[in-house]
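missing the sequence, but the structure's below:
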């Protein structure tokens, strides 16, 4: 069993007067929705699902965080544009901006966690361990089942990692091109 | 903590060469979808959800059973009509017919379990205890979370019971009229 | 240009104190939704669309009629079962029962009009001519466009006939087997 | 009966090697989808509908044009951001950018046509007259019926104007605030 996951590398926060850390959320299940504001699958599926997760569970049990992992169209998806997006889409949960890297278009947390693209759903257990990393549109039944299982655990558990692949930006989501992560 | 729930009272089985009992499914989480074939909310929501539950989880972990709890239009929803319905809607999981009662229109299992109408989702834990009874359309995220929590348990656990109410047969489901259960 | 279509052959009417004829509806566009109560594509798509057509257009311009064209599971879809179905699904427009034939399972109007299965959407112009016969799920944009074009006509017009094919009872609808119409 | 509508006032075109004018499209029904790239109702409903209209009808009969009518968050919805949006959402039909005004945040065509917000659907007849201006999410059946009626006309016709109102940016769309159009 691995230890707690490394912290997110964040260049800005929205909707977070007191920016949370993974460590500060220890004891709760943490759901991170990694998205890009111009990613169709994030807008149509991932963001509504993140809102629904936030509405269903008690904040004492489950924390929901957005992570803006911009790996393409950086100028179009700057922080000012994100602020407008969060306002228009009525997103009220805390959203972190993944810190850009000097090494390429893929931002730091995205690279560190090896995310394949957006949307990605990251599920951390009560002990702060990254247990599931799911790329693409995850159906609600499955997301609920995984969160439910983590909820039922005390602060010990197993480890899982799942995902599936497509090329480019489809109805499912936007995949990081091979060259970008190399 | 209560003990195992009483068995279903069944007058006929479909899709079940060897009819299961709750006892025979001990060790697995059991999901019972109580429905009527002419209930709009069952057809549009409950049955597709039951199919999705069956597809998502391993049969070794989660058993899915349909329960035809006819409490109105008994002639129209006889066993021959149910057979045609199961064929047309491609329902492949075992379906039990709740045994009619001499005491009124509400069948025996439905009365015994105090179901409010259709659709109802009944969740039994690995120890055979009825843990959740949910009336109406339950969203997938919530159904998944409840099943996930039961899955994470060993054969001991708590007890819950939830539901909500409307009158008559609405978009949500068909409620048993007061007079019928009295 | 053909003349007015032959009348429906009807064994019973529901929701029609004064059963209409095609002739009595002359001057209006007439939309006939041919369905079976146990046809999944009819229940999920065709019937909601027929309700929406009825709600959108003025009854002075567009008449909406259901036609129960039972070609399989005749016992399960008898008139008593249909009455229960119409009640549960809150169907308020007139529904005709297509008269059964001695020659086979396909009822008379269905055979006369050469319908391929259910759901089918039949569109008659203001002059009573059958202008479009569409099998399967017709999307709302297309249904609207065809009705809109007929609405814009005076009581003269062209003729069209469209459809597409699949085998058996799929998500799209239930096709009449070859043997049944031979 | 009014004459042809004034031309769109456009500062840039996308997907249009030879930018069309209303005059150049005379003889066809012209559908203009006015949107903002950060308007939720445009993204979820209006743009898919515009794509569906383009796919359903022959280009010889119906022309589909997007009009980016930015009246808020101007910096976030600049032309570079729009280019990224059109790419990610796979929008292939011509899109015009409504020319900004010195008189306020509402752009020129939007002001000239008196649009209430986004999404708006503008339908021009074959003679170039603006016949319907619909604010908010228009259902497909209605959009189809209106286009179908215009299609059935020769180059003469009536005039209509419809719409409904809400405040701000809701599930339906984004309304121009009173102050902005004054």
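On my side now, so go ahead. Keep in mind that what you see is a predicted model, and the values were worked out from it rather than measured.

Can you give me the buried ones in stretch A:79-98?
Buried residues in stretch A:79-98, counted by 16 or more other Cβ atoms under 10 Å in any protein chain shown: A:81-82, A:84-86, A:88-89, A:91, A:93-98. To be clear about C-beta, it is placed using only N, CA and C from the backbone, and glycine gets the same treatment.

For residue A:152, which residues are in contact?
For residue A:152, the contact set (Cβ atoms under 8 Å, 6 or more residues apart in numbering or on different chains) comprises B:148, B:149, B:151, B:152, B:153.

any idea which of those residues has the most stuff around it?
residue B:149 (26 neighbours; other Cβ atoms under 10 Å in any protein chain shown).

re earlier: between the contacts of residue A:152, which is closest to chain A?
Taking Cβ to the nearest Cβ as the measure, residue B:148 is the one of these closest to chain A, at 2.4 Å.

Mind pulling up the pLDDT for residue A:96?
Looking at residue A:96, its pLDDT reads 98.

err, residue A:69, not the other one
Confidence at residue A:69, expressed as pLDDT, is 98.

Would you agree it is in contact with residue A:107?
Yes - taking contacts as Cβ atoms under 8 Å, residue A:69 lies within contact range of residue A:107: 5.5 Å.

Give me the subset of the buried residues of stretch A:79-98 lying in helices.
The helices in this structure, assigned by DSSP state H, contain A:81, A:82, A:84, A:85, A:86, A:88 from the buried residues of stretch A:79-98.

Go back to the residues you listed and keep what's next to chain B.
With Cβ under 8 Å from any Cβ of the partner chain as the criterion, those include none near chain B.

Which residue, other than its chain neighbours, is closest to residue A:130?
Beyond its immediate neighbours in the sequence, the residue positioned closest to residue A:130 (Cβ to Cβ, 6 or more residues apart in numbering or on different chains) is residue A:5, lying 4.1 Å away.

wait, the one you found sits on residue A:132?
No - when contacts are counted by Cβ under 8 Å, residue A:5 is not listed as touching residue A:132 (11.6 Å).

Enumerate every residue touching the residue of chain A most remote from its centre.
Among the C-alpha atoms of chain A, the one most distant from their mean position (Cα atoms, centre = their mean) is that of residue A:154, at 22.7 Å. Residue A:154 is in contact with residue A:126, counting by Cβ under 8 Å, 6+ apart.

Doesn't it lie inside a strand?
No - counting by DSSP: H, G, I helix; E, B strand; the rest coil, residue A:154 is not found in a strand; it is coil.

interface residues of chain A facing chain D?
A:38-40, A:43-44, A:72-73, A:75-77, A:80-81, A:83-85, A:87-89, A:169, A:174.

Now do the helices in chain A.
In chain A, helices defined by DSSP H lie at A:40-41, A:47-56, A:79-88, A:108-112, A:140-152, A:178-181, listed in chain order.

what angle separates the fifth one from helix A:47-56?
What it means is helix A:140-152. Angle of helix A:140-152 versus helix A:47-56, following axes from the mean of the first three to the mean of the last three Cα atoms, to 10 degrees, is 40 degrees.

starting at the chain centroid, how far to helix A:140-152?
Per Cα atoms, centre = their mean, to the nearest Å, the displacement of helix A:140-152 from the mean C-alpha position of its chain is 16 Å.

Low-confidence ranges, chain A, go.
Flagging of chain A using pLDDT under 70 yields the residue ranges A:1, A:155-182.

residues in chain A within reach of chain B, list them.
Taking Cβ under 8 Å from any Cβ as the contact definition, chain A meets chain B at A:49, A:52-53, A:56-57, A:139-149, A:151-153.

Could you rerun that using 7 Å?
A:52-53, A:56, A:139-149, A:151-153 (Cβ under 7 Å from any Cβ of the partner chain).

measure the residue nearest to residue A:93 when sequence neighbours are not counted to residue B:41 for me?
With sequence-adjacent residues excluded and distances taken as Cβ to Cβ, 6+ apart, residue A:93 is closest to residue A:64, at 4.8 Å. Residue A:64 sits 29 Å away from residue B:41, taking Cβ to Cβ, to the nearest Å as the criterion.

and what of residue A:81?
41 Å.

Start from the N-terminal end of chain A and give the strands.
Remark: strands assigned in chain A by DSSP state E are A:10-14, A:29-35, A:62-68, A:95-98, A:117-118, A:120-124, A:130-135, A:174-175.

Please work out which of these is packed deepest.
Ranked by average neighbour count under the criterion mean count of other Cβ atoms under 10 Å in any protein chain shown, those are headed by strand A:117-118 at a mean of 30.

same for that strand, what does it pack against?
Contact analysis of strand A:117-118 by 3 or more Cβ pairs under 7 Å, 6 or more residues apart in numbering or on different chains; DSSP states H and E lists strand A:174-175 as its packing neighbours.

Can you pick out the most distant pair from the contacts of residue A:152?
Largest separation among the contacts of residue A:152 by Cβ to Cβ: B:148 and B:153, giving 10.1 Å.

one step back: in PyMOL, select just the buried ones from the residues of chain A next to chain B.
Typed into PyMOL, the next command selects the buried ones out of those (criterion: 16+ other Cβ under 10 Å):
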select buried, chain A and resi 52+53+56+140+141+142+143+144+145+146+147+148+149+151+152+153
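
Now the ones in helices among the buried residues of stretch A:79-98 in TSV, please, with extra columns for distance to residue C:128.
As requested, those are exported to TSV (distance: Cβ to Cβ, whole Å):
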residue	distance to residue C:128
A:81	57
A:82	59
A:84	56
A:85	54
A:86	57
A:88	51
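
Now flag whichever of those residues is closest to chain B.
Proximity of these to chain B, judged by Cβ to the nearest Cβ, is greatest for residue A:86, which lies at 22.0 Å.

In space, what's closest to that closest one - neighbours in sequence excluded?
Leaving aside its sequence neighbours, residue A:86 sits nearest to residue A:14 (Cβ to Cβ, 6+ apart; 5.6 Å).

do residue A:144 as well
The shortest distance from residue A:144 to any residue other than its chain neighbours is 2.4 Å, reached at residue B:144 (Cβ to Cβ, 6+ apart).

got it, and residue A:72?
Computed as Cβ to Cβ, 6+ apart, the closest residue to residue A:72 that is not its neighbour in sequence is residue A:105, at 6.4 Å.

Have a look at residue A:69 and residue A:107 and say which one is more surrounded.
residue A:69 (30 against 24).

which ones are touching that one?
When contacts are counted by Cβ atoms under 7 Å, 6 or more residues apart in numbering or on different chains, residue A:69 is found next to A:34, A:36, A:98, A:107, A:109, A:110, A:115, A:118.
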